[in-house]
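S.K.: My questions concern the predicted model and sequence given below.
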Amino acid sequence: MKCDEVLNGQCANIGRMTGASPTRERLPPWHERVTLSNGRQVLIRPIRPEDGEPLRAGFGLLEPDEIRQRFLHAVKELSPETAERLTHVNPRNEFALVVAEPLPPGEALIGAVARVAVDENGRDAEFAILVSRYIKHMGLGRYLMTRLVKWAKGKKLNRLYGDVLENNGPMLSLAQSLGFQREFRQESPGLVRVTLELKPRSNNRTPSDQQRSSAQPQQNQNR
Ligand SMILES: CC(C)(COP(=O)(O)OP(=O)(O)OC[C@H]1O[C@@H](n2cnc3c(N)ncnc32)[C@H](O)[C@@H]1OP(=O)(O)O)[C@@H](O)C(=O)NCCC(=O)NCCS
């Protein structure tokens, strides 16, 4: 798959992902080759520093709406500094997966990014996801979200949450179908916070959680 084929939208007719079933192959952790239903292969893997330039190039091809839904406000371009921050994750408290062409990082076009970052409180984490329109409706969004949940559970976190524009029906229904609960917060008009409890309710609330029962997780600056 050449980058410009995707960039020109010629991959928009890729069929639905075949049950998100990775082929059996020995790959590093969190790496999966996924066959889309038209037989095309993509690589799901952790983001790499080399992805910065492809990320910036791909950003220019996104629709304003896709950008607004992901970043919750308009963003004209992905600055080198932002690309640097997004591609250099701290493995202790951040995780980000990309859906990329099966080419070396730096050459591969990035079609989707899903990330999660642990809050300052160390117990909750915020997610953000963008599956570009060229590869959406193929099950990748759902699959990436399940991987973020797995990572967050592995870190023994209490909750995974994300802020979603209230008119973002696709993300709200995707989150709901994964068990996330919706919450409207007075301090964030126009946004819906979707939260997934990762532990059984009884284990989930520490005394300090209970004290701040009316307080909410802070907005994560790593979004
Ligand atoms: C929301 C988004 C991540 C969905 O990605 P996707 O790869 O198209 O999602 P999937 O194909 O896995 O769809 C999973 C489910 O999501 C829901 N969904 C996805 N697109 C939908 C749409 N256009 N309308 C309604 N529901 C939709 C459905 O429940 C769907 O279930 P189905 O497969 O039974 O139809 C993608 O559209 C996106 O990146 N949007 C822009 C950025 C954004 O909104 N980010 C969220 C805020 S952080």
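M.R.: Ah, there it is. Numbering: from 1, shown residues only.
S.K.: Could you use CA atoms for every contact and neighbour count after this?
M.R.: Will do.
S.K.: Would you map the strands across this structure?
M.R.: In the chain, the strands defined using DSSP state E lie at 17-22, 32-36, 41-46, 94-100, 110-118, 124-131, 159-165, 181-184, 191-197.
S.K.: Of all these, which one is nearest Ala74?
M.R.: strand 159-165 (12.4 Å; C-alpha to C-alpha).
S.K.: mean confidence for the closest one?
M.R.: For strand 159-165, mean pLDDT is 98.
S.K.: list the contacts for Asp51?
M.R.: Applying C-alpha atoms under 8 Å, 6 or more residues apart in numbering, we find Asp51 in contact with Thr87, Pro105, Gly106, Ala108, Ile110.
S.K.: Out of those, which sit inside helices?
M.R.: Thr87 (DSSP state H).
S.K.: So among the contacts of Asp51, which ones count as buried?
M.R.: Thr87, Pro105, Ala108, Ile110 (16 or more other C-alpha atoms under 10 Å).
S.K.: Next, give me the two most distant ones among those.
M.R.: The span of the buried ones among the contacts of Asp51, defined through C-alpha to C-alpha, is set by Thr87 and Ala108 at 13.9 Å.
S.K.: and the gap between the residue nearest the centre of the chain and Ile67?
M.R.: The centroid of the chain falls nearest to Ala114 when counting by C-alpha atoms, centre = their mean (1.9 Å). Distance, Ala114 to Ile67, by C-alpha to C-alpha, to the nearest Å: 14 Å.
S.K.: related to what we said a few turns ago, from the buried ones among the contacts of Asp51, pick the one nearest the ligand.
M.R.: Closest to the ligand out of the buried ones among the contacts of Asp51 is Ile110 (12.6 Å), distances taken as C-alpha to the nearest ligand atom.
S.K.: so that closest one touches Gly58, yeah?
M.R.: Yes: counting by C-alpha atoms under 8 Å, Gly58 is a contact partner of Ile110 at 6.9 Å.
S.K.: Now do the contacts for Leu198.
M.R.: So Leu198 contacts Val149, Ala152, Lys153, Leu157, Asn158, Arg159, Leu160 (C-alpha under 8 Å, 6+ apart).
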